[in-house]
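Peer 1: here are the coordinates; sequence isn't available:
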Ligand SMILES: [Fe+2]
């Protein structure tokens, strides 16, 4: 049986339209639309790049190696999404906040679900390594009122740039992680150590790509937060050290102006005593504002 050709035969000029027409009977319209948009842009890119057959095969092999690098612990495609800015773009599209609410950034791969809930002010550093740090602030709504019973899940790298899950047997389990809950005044505080910049895993195809592009794999020092409260949007974000050497070149584009915190070195003996430390410490004060859901 002969079939009417929907858009004529495939040519260089009409390539994307011919492929899209072939997808017309898709049962899932969203899937069809997304594939057609991808085809439109990939065809446009190929027309602009005019790759040789060898170059196209090199691209295919790069994606092949990216997939082969993935396992239960390593997700190389997420890294590829991160270093091309796509992860942050998806985050931005899904977190358009009302003015005044704290901005989001990427979750990252090092969050764990079952970190212990700790009393406010607790020290989340379990191995006493690193420069002491006191972090405190308030969880507020967009009118500036404190939020009661907000859950704050925080995690960070140590002063060598590693998360506990990357150094099992070297760092104690749940080192530099904790969950805290605000009271009626909306304040939070905990003790930790000043985090350090770290590289995203760069021993695979994405790391090799970064090298060939003249880029480094580092993320500037930061603390991760997930903040949740009833009646408010969940906030997944970081705060960053503005003095970090990589603050202007985060490998995954996660830095935003509003997410800069201040890490003040406190050396006054009275203030050191009052904060419960026995040596100079970094004071980080940062408020978060949640958008109503
Ligand atoms: Fe991180």
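Peer 2: Okay, I see it. Bear in mind that the values here come from a model prediction, so they are computed numbers and not experimental data.
Peer 1: which residues touch residue 146?
Peer 2: Contacts for residue 146 were tallied using CB atoms under 8 Å, 6 or more residues apart in numbering; they are 138-140, 182, 184-187. Placement of C-beta: from N, CA and C, glycine included.
Peer 1: scratch that, residue 172
Peer 2: By CB under 8 Å, 6+ apart, the contact set of residue 172 is 126-127, 164.
Peer 1: do the same with residue 197
Peer 2: 161, 218-221, 244-246.
Peer 1: between those, which is closest to residue 106?
Peer 2: Closest approach between the contacts of residue 197 and residue 106, by CB to CB: residue 219, at 9.6 Å.
Peer 1: buried only: go through the contacts of residue 197 for me.
Peer 2: Burial by neighbour count, 16 or more other CB atoms under 10 Å: within those this picks out 218-221, 244, 246.
Peer 1: what's the closest of the contacts of residue 172 to residue 16?
Peer 2: residue 164 (47.5 Å).
Peer 1: next, count neighbours for that closest one.
Peer 2: 23 (other CB atoms under 10 Å).
Peer 1: tell me the confidence at it?
Peer 2: Note for residue 164: predicted pLDDT of 93.
Peer 1: sorry, back to before: show me which of the buried ones among the contacts of residue 197 is closest to residue 52.
Peer 2: For these, the nearest to residue 52 is residue 218 (33.6 Å; CB to CB).
Peer 1: next, the closest residue to the closest one other than its chain neighbours: secondary structure please.
Peer 2: Nearest residue to residue 218 in three dimensions, chain neighbours excluded: residue 246, at 4.4 Å (CB to CB, 6 or more residues apart in numbering). Residue 246 falls in the coil class when you classify it by DSSP: H, G, I helix; E, B strand; the rest coil.
Peer 1: over to residue 265?
Peer 2: Applying three-state DSSP: residue 265 is strand.
Peer 1: I figured it hits residue 280, correct?
Peer 2: Yes: shown here, residue 265 and residue 280 form a contact pair, counting by CB atoms under 8 Å, at 5.9 Å.
Peer 1: the two: which is more packed in?
Peer 2: When neighbours are counted by other CB under 10 Å, residue 265 and residue 280 differ, and residue 280 comes out ahead with 14 against 11.
Peer 1: phi and psi next, for that one.
Peer 2: Note on residue 280: its backbone torsions stand at phi -50, psi 150 [degrees, to the nearest 10].
Peer 1: now for it: which residues touch it?
Peer 2: Residue 280 makes contact with 265-267, 272, according to CB under 8 Å, 6+ apart.
Peer 1: quick check: the two most widely separated of those residues?
Peer 2: 265 and 272 (10.8 Å).
Peer 1: joint contacts of these two?
Peer 2: With CB under 8 Å, 6+ apart, residue 265 and residue 272 have common neighbours 280-281.
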